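> let me see the structure of the following:
(2 chains)
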Amino acid sequence: MLKKLLPFVEHAIKKPVWDCRMCGQCVLHSTGMTCPMTCPKTLRNGPCGGVRENGNCEVIPDMQCVWAKAYDRKVSLPMPTVWKEHFNELRPPVDMRLQGSSSWINLITKRDQQTPAGWSTTDSDH
Amino acid sequence: MSVMREKLENSNETVFTAEFPSIDGGGMAKVEKSAARLAPWFDAVNATDNPAAHAHASNTSSAIAMKMHGIEPIMQIVCRDKNRLAIQADMMGAALHGIENISLLTGDDVTAGDEPETRRVFDIDSTQAINIARILTTGQYLSGRKINPAPDFYISAVENPAAPPFDYRIERALKKYRAGAKYLQLQICYHPDRLEKFCAGVAKIAPDLKLIPTIVLVKSAKPMSFMNDKVPGIDIPLDSINRVASATDQADEAYKLTLELAKHALSLPAVRGLHVTDFRHDDSLDSFMYDLGQKPRN
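From the prediction side, this is the model:
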């Protein structure tokens, strides 16, 4: 029951504020409280090379680049230091199976931290 | 070992890369002609992946064709057209044919191309793709399934030093380095000050990351205006456009400007070479390379 209800509640709250796309693996806290899924290319690790001179999006010229906004907010908004530190972490590919599910549940159950067995972000060379 | 890896990792030599003309028709005869023009000057040449969202012969097939004609390919893979399975397949296909240099990019949006109605994929982003290429070199797919022996890639990526958010671009370069990129080819930049700041910033936080800025050979002010007006991510100062536009000999002035930009770029920290994009298709490529102190290879 809760599993069915929570996605509605979550969407009702997060859609108006962050234009939430219900990816089910929310990273807002580490992206300057800006949803990377609203980037037309759904980039979760920073802006593409097509950002316009005025800081707007390559695809939607009237919209500020999601990552330009995220970076501005990361720098200027008061938020916990640990959130700011997470800004440059390598976020893994989206798990498409979580689309439409509640990221709150996935956070509590740690389902949103599951990555494919081969995924690692450490390299002995670096 | 790829020439790119050999030169960038085991020498202090300056490397020169270029863009292979997209292949649409004309078969191997056409490939041979393009290869003959580029071979004397370049260590490696990019095999592009549907550049500017226009369909062409595929990245892998182009890279193989180039290799057959004595050109070392840097095989690009963009995230726009393929999901993570297809991207890993591209990488393993490259390895199968002995292609070591792979470069991972986001890719221009479909709206930049001639089929803007296309579904965009972006299942993964360029930094994730870099990391996946690195994971393959450890002997496994993203799933953890083993690959024996592991492919040996020399991984690179692309960054735009001249587009906002400027400060973040430097941090993003470090992120790409940490994911597995050994060098970055930089997008077209007509702002020497921005390039300088970017290179200095990278040299400071990622000293082992090599940078290869792009220089564009143009014949007149027209393509400069075109890039400035039509290509998101490229901004060309009006002073530079006017300098070429008001010259009696535009081709000559454009050449001089390009040479100044190239020499400046080569003087910057972390810079280990140049990527040359030739929109002139005349004999100026040869003069340009001679003016940079290069001699034809072989």
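
> low-confidence ranges, chain A, go.
A:122-126 (pLDDT under 70).

> what about the residue of chain A found nearest chain B, neighbour count?
Among all residues of chain A, A:A117 sits closest to chain B, at 2.9 Å; criterion: Cβ to the nearest Cβ. From N, CA and C alone the C-beta is placed, and that goes for glycine too. When neighbours are defined as other Cβ atoms under 10 Å in any protein chain shown, A:A117 has 12 of them.

> residues contacting the spatially closest residue to it that is not a sequence neighbour?
Excluding its sequence neighbours, the residue lying closest to A:A117 (Cβ to Cβ, 6 or more residues apart in numbering or on different chains) is B:G144, at 2.9 Å. B:G144 makes contacts with A:116-118, as judged by Cβ atoms under 8 Å, 6 or more residues apart in numbering or on different chains.

> does B:G144 sit in a helix or strand, and which one?
Using DSSP states H and E, B:G144 is not contained in any helix or strand.

> now do it against B:V15, distance only.
35 Å (Cβ to Cβ, to the nearest Å).

> do the same with B:L211
In terms of Cβ to Cβ, B:L211 sits 11 Å off from B:V15.

> equivalent analysis for B:N228, please.
From B:N228 over to B:V15 the distance is 28 Å, taken as Cβ to Cβ.

> before we move on, what about B:L105?
With distances taken as Cβ to Cβ, B:L105 is found 19 Å from B:V15.

> which of those two has more neighbours?
Comparing B:L105 with B:V15 by other Cβ under 10 Å, the one with more neighbours is B:L105, at 26 against 20.

> can I assume that one is in contact with B:C79?
Yes: contact criterion Cβ atoms under 8 Å: B:L105 and B:C79 qualify, at 7.2 Å.

> identify the contacts common to the two.
B:S126.

> where does the residue nearest the centre of chain B land in three-state SS?
Against the mean C-alpha coordinate of chain B, by Cα atoms, centre = their mean, the closest residue is B:Q185 at 4.8 Å. Following DSSP: H, G, I helix; E, B strand; the rest coil, B:Q185 is assigned to strand.

> which non-adjacent residue is nearest B:T17?
Closest to B:T17 by Cβ to Cβ, 6+ apart is B:H275, at 4.7 Å.

> list the residues that contact that neighbour.
Each residue near B:H275 by Cβ under 8 Å, 6+ apart is listed here: B:16-19, B:46, B:185-186, B:212-215.

> inside strands: which ones of the residues you listed?
Of the positions in the contacts of B:H275, B:16-19, B:46, B:185-186, B:212, B:214-215 sit in strands, assigned by DSSP state E.

> in terms of pLDDT, where does the residue of the stretch 51-200 of chain B found nearest chain A sit?
Closest residue of the stretch 51-200 of chain B to chain A, Cβ to the nearest Cβ: B:G144 (2.9 Å). What the model reports for B:G144 is a pLDDT of 97.

> domain assignment for chain A?
Chain A is divided into the following domains under automatic domain parsing: A:1-25+A:98-113, A:32-93.

> turn those into TSV, including mean neighbour count.
Compiled in TSV, these are given as follows (neighbours: other Cβ atoms under 10 Å in any protein chain shown):
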stretch	mean neighbour count
domain A:1-25+A:98-113	14
domain A:32-93	19
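
> what's the closest of the ones you listed to B:K204?
domain A:32-93 (15.2 Å; Cβ to Cβ).

> next, see if the closest one gets close to chain B.
Yes: using Cβ under 8 Å from any Cβ of the partner chain, domain A:32-93 reaches chain B at A:40-53, A:55, A:58-59, A:61, A:65, A:67-68, A:71-72, A:88, A:90-93.

> so for residue 90, what's the nearest residue that isn't a sequence neighbour?
Going with chain A. Distances taken as Cβ to Cβ, 6+ apart place A:T121 nearest to A:L90, at 4.7 Å, with adjacent residues excluded.

> nope, chain B
Of all residues not flanking B:D90 in the chain, B:I77 sits nearest, at 5.1 Å (Cβ to Cβ, 6+ apart).

> ok, that neighbour - how many residues close by?
Neighbours of B:I77 under the rule other Cβ under 10 Å: 26.

> now B:A47
31.

> hmm, it is touching B:V78, no?
No: counting by Cβ under 8 Å, B:V78 is not a contact partner of B:A47; they are 11.8 Å apart.

> for B:A163, give me the pLDDT.
For B:A163, the predicted pLDDT is 97.

> how about it, phi and psi?
phi -120, psi 150 (degrees, to the nearest 10).

> where do the strands sit along the chain?
Answering for chain A, as no chain was given. For chain A, no strands are identified by DSSP E.

> that's the wrong chain, I meant chain B
Counting by DSSP E, chain B has strands at residues B:15-19, B:44-47, B:73-78, B:101-105, B:154-159, B:183-186, B:210-212, B:214-217, B:273-278.

> CA atoms only for the last one, dumped as CSV, please.
Included here for strand B:273-278 are C-alpha records, laid out as CSV according to Å, rounded to 0.1, in the frame of the first residue of the first chain:
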residue,chain,number,x,y,z
GLY,B,273,49.5,19.1,-28.7
LEU,B,274,47.0,20.5,-31.1
HIS,B,275,43.8,19.3,-32.7
VAL,B,276,43.5,20.8,-36.2
THR,B,277,40.2,21.2,-37.9
ASP,B,278,40.6,22.2,-41.5
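
> strands paired with that strand, and their directions?
Here strand B:273-278 is paired, per DSSP bridges, with strand B:15-19 (parallel), strand B:214-217 (parallel).

> could you do the fifth one as well?
Based on DSSP bridges, the pairing partners of strand B:154-159 within the sheet are strand B:101-105 (parallel), strand B:183-186 (parallel).

> now do that strand and strand B:73-78, the angle between them.
50 degrees (axes from the mean of the first three to the mean of the last three Cα atoms, to 10 degrees).

> find the nearest non-adjacent residue to B:H264, please.
Nearest residue to B:H264, sequence neighbours excluded (Cβ to Cβ, 6+ apart): B:P192, at 5.1 Å.

> list the residues that contact the one you found.
So B:P192 contacts B:261, B:264-265 (Cβ under 8 Å, 6+ apart).
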